[in-house]
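*Asks:* Got a predicted structure plus its sequence, pasted below:
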Amino acid sequence: MTAATGIEPDASTKDRLEIPRSLKVAGYAAAAWCIGFAGVSAWQLATGGGPEDQFGAYASGLTAMVALVLILKLAGAVFALAAIWPGQGWISPRHLATALWGAFGLLALYSAGNIFITVTTVTGLIGPSAAWTAAGGVTPKAILYVLFCFAGAASFGTVAVSYGRRHRTPWTAAWIGLLGAPLLLGLILAVAPAILRALGLMPG
């Protein structure tokens, strides 16, 4: 019963206000994942730690990439929290569902890509890249990183499914998010670095 009117909310109102426990857990987990990961980028920006140490002449370009990734991580946290915030109205359920599916698709594709590169390099199907060599190949740290990315993908996947069911969002929202994920990943891994290289801000 509402305090102002004394009227018992109807079932549809209760459904909008009451967040399922499973959605809450997944939403907080996804948000915590993003914030924790964003902390790494924030530390790199604040202290100068990270890959820019190896390329002092290109520090500005690499810093720009770290800043871009930081923004995306924080955006992911905002979307995850919006999914479990009762009555939020700044983004429609359809658009939020698209963003959640996009986050899931990006993390799942990125994780699968890392596994593909690892398997093909270890088996000798492709030669080791400079980044692979610099990272030391397959290390416990590298394995934990891939598992960490899969955990993020699983969290966002759970949120996307639960949120979509709760708000009955159309499957077109999921498909748009999933199809947009490779485009966003390509922007991060290929387009943005190419632009910075053309400007002389990153190594070729």
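*Replies:* Thanks, I have it. Because the structure is a prediction, the values reported are computed rather than measured.

*Asks:* Pick out the residue closest to the middle of the protein.
*Replies:* residue 103 (4.7 Å; CA atoms, centre = their mean).

*Asks:* Tell me, what's the model's pLDDT at that residue?
*Replies:* Model confidence at residue 103, given as pLDDT, is 97.

*Asks:* before we move on, what about residue 47?
*Replies:* 79.

*Asks:* Likewise for residue 175?
*Replies:* 96.

*Asks:* May I see the buried residues of stretch 75-86?
*Replies:* Residues of stretch 75-86 classed as buried by neighbour count (16 or more other CB atoms under 10 Å): 76-77, 79-84. For every residue, glycine as well, the C-beta is placed using N, CA and C.

*Asks:* where exactly do the helices run in the chain?
*Replies:* 11-17, 21-47, 59-82, 93-122, 130-135, 140-167, 171-186, 192-198 (DSSP state H).

*Asks:* In terms of mean pLDDT, which of those ranks lowest?
*Replies:* For the helices of the chain, the weakest mean pLDDT is recorded on helix 11-17, namely a mean of 47.

*Asks:* quick one on the thing from earlier: count the neighbours of the closest residue in space to the residue nearest to the centre of the chain that isn't next to it in sequence for me.
*Replies:* Closest residue to residue 103 apart from its sequence neighbours, by CB to CB, 6 or more residues apart in numbering: residue 156 at 4.4 Å. Each residue near residue 156 was counted by other CB atoms under 10 Å, and the total is 31.

*Asks:* With residue 197 instead?
*Replies:* Based on other CB under 10 Å, the number of other residues close to residue 197 is 14.

*Asks:* so how far is residue 175 from it?
*Replies:* 33 Å (CB to CB, to the nearest Å).

*Asks:* cool, and residue 19?
*Replies:* In terms of CB to CB, residue 19 sits 25 Å off from residue 175.

*Asks:* With neighbour numbers in mind, choose between the two.
*Replies:* residue 19 (17 against 13).

*Asks:* Which pLDDT value belongs to the more buried one?
*Replies:* pLDDT at residue 19 comes out at 82.

*Asks:* Might you report the residue contacts of the spatially closest residue to it that is not a sequence neighbour?
*Replies:* Excluding the flanking residues, the one nearest residue 19 by CB to CB, 6+ apart is residue 84, at 5.1 Å. Applying CB atoms under 8 Å, 6 or more residues apart in numbering to residue 84 gives the contacts 19, 23-24, 27-28, 159.

*Asks:* Please apply the same query to residue 115.
*Replies:* Counted by CB under 8 Å, 6+ apart, residue 115 has contacts residue 146.
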